[in-house]
Structure formats: structure tokens, C-alpha cells
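Peer 1: How does the following fold in three dimensions:
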Amino acid sequence: MLGAPWFAGHVFTFDYAKRRLVLRPDGDVPSVAAEHRIAVGFQRDDTGAVAVPYGRIQITVDGTVLDMLLDTGATVVLTEAARAALGGAATHRATSFIIASVFERWHEAHPEWRVIEAADQTSEGEPMIEVPRVPIAGYEVGPVWFTRRPDSAFHEFMAQYMDKPSDGAFGGSGLRYLRVTVDWTRGVAAFER
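Peer 2: Coordinates of the predicted model:
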């Protein structure tokens, strides 16, 4: 897995549809309409340089704007029951993460959203929830699967590496619908369909 420190200081395009990762020249971010270009927040030092390469983006779910870690490598290892519920999906698959308090709020407000209990082998059987639609950067994508994590995983642990606390991580289960270019120096991302 290539992590944020590996991407630091560069511009990369994650082309999910073509299964390609492209290193681009410095500053080479595709020209897209303003609504398809979003800020990526990073911890910065006194000179304004990126100090820690864990980026924060915003998504909207159920009318609420959420700060999320941009996590192109977010992965879940499915239990056999979860694989069966997903029609025999691969054991290792891309996901997004959401803190427990938000997960519970979504589940209470939307009992029709599909939930798979005891879905994650690697994190004490955490459940997953399927959000039908997620607006991001002027697009609407979905469905998007989110795997539950303790609030402390993002409000405490990841918060020390980010410019502000997040409510989870937006990963491949949502990003897979788009081509995403991230400039890890300037703090901008361009999204293309």
C-alpha cells in the first residue's frame, strides 16, 4: 500500500475506472469547473509548507457537511457473512470509514439504508452501512459503503496528523466513481467523471 508520505510533495491522478495511478508534473492539475475543484486541508508549518501529508476533504451526507481524511487506501477485510451479503465480493475491498456516532445517527435516521453487521474481520466485527448517494466536488456518487470506526480513531488518533479532526475517511468505495487528481503541495483536488 502506498501511503500519504509517499504521495507527499507530488501531484497524482487516481483513475479508478482505468485502474491507473499517474504521477503528474509539479502543479499539473486538470482544468475543471470550479465546483469540481476542492481544497485539501493539510497541517502546515510556519512557512506554509505541508508538514504532515494526511489530507482532509469535505463530503456531504444527508445534508450534513463532514470533514474526512482523503484515504485512497481505505480497506476492509470482509467476514464470510459480509461476503455472502454482498454477493460473493472479494474478501479485501475498498471502503470508506465513518465514526460510530455518525454511523448510529445515519442508521437511526435512515433504517432503509442497508447495514451489514459483523462485516469487518480486522476491527472486532464492525458493521458497514451503504449510503445511497454522496455529493462531493459537484458530483453525486453512490452507493458508497462506510465501515464503522470508534470516534476516537479520528477525533483523537488521526486528529494529531491532520489540520483538524475528521469524522472518518473517504476512500475507494466513494472515489471509484471518479478520476481524482490531488496536489499534495498546493492542497487542491480536481474531480472528473
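Peer 1: Look through this protein and tell me its longest strand.
Peer 2: Looking across the chain with DSSP state E, the single longest strand is strand 50-61.
Peer 1: Could you identify the helix or strand that succeeds that one?
Peer 2: Scanning forward in sequence from strand 50-61 by DSSP states H and E, the next helix or strand is strand 64-70.
Peer 1: what sits up against that following strand?
Peer 2: 40-41, 54-60, 96-97, 102, 154, 158, 162, 164-170, 182, 189 (Cβ atoms under 8 Å, 6 or more residues apart in numbering). All C-beta atoms are positioned from the backbone trio N, CA, C, and that covers glycine.
Peer 1: any idea of the angle it forms with strand 50-61?
Peer 2: 140 degrees (axes from the mean of the first three to the mean of the last three Cα atoms, to 10 degrees).
Peer 1: Strand 64-70 pairs with which strands, and in what direction?
Peer 2: For strand 64-70, the paired strands and their directions (DSSP bridges) are strand 50-61 (antiparallel), strand 168-170 (parallel).
Peer 1: TSV for these, including mean neighbour count and mean pLDDT?
Peer 2: Below are the strands paired with strand 64-70 laid out as TSV (neighbours: other Cβ atoms under 10 Å; pLDDT from 0 to 100):
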stretch	mean neighbour count	mean pLDDT
strand 50-61	20	95
strand 168-170	28	98
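Peer 1: can you put those in JSON lines and add distance to P30?
Peer 2: Compiled in JSON lines, the strands paired with strand 64-70 are given as follows (distance: least, Cβ to Cβ, whole Å):
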{"stretch": "strand 50-61", "distance to P30": "17"}
{"stretch": "strand 168-170", "distance to P30": "19"}
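Peer 1: For this protein, which segments are assigned as helices?
Peer 2: In the chain, the helices defined using DSSP state H lie at 4-7, 80-85, 100-109, 151-152, 172-175.
Peer 1: residues contacting T72?
Peer 2: Applying Cβ under 8 Å, 6+ apart, the residues near T72 are 14, 171-172, 175, 180.
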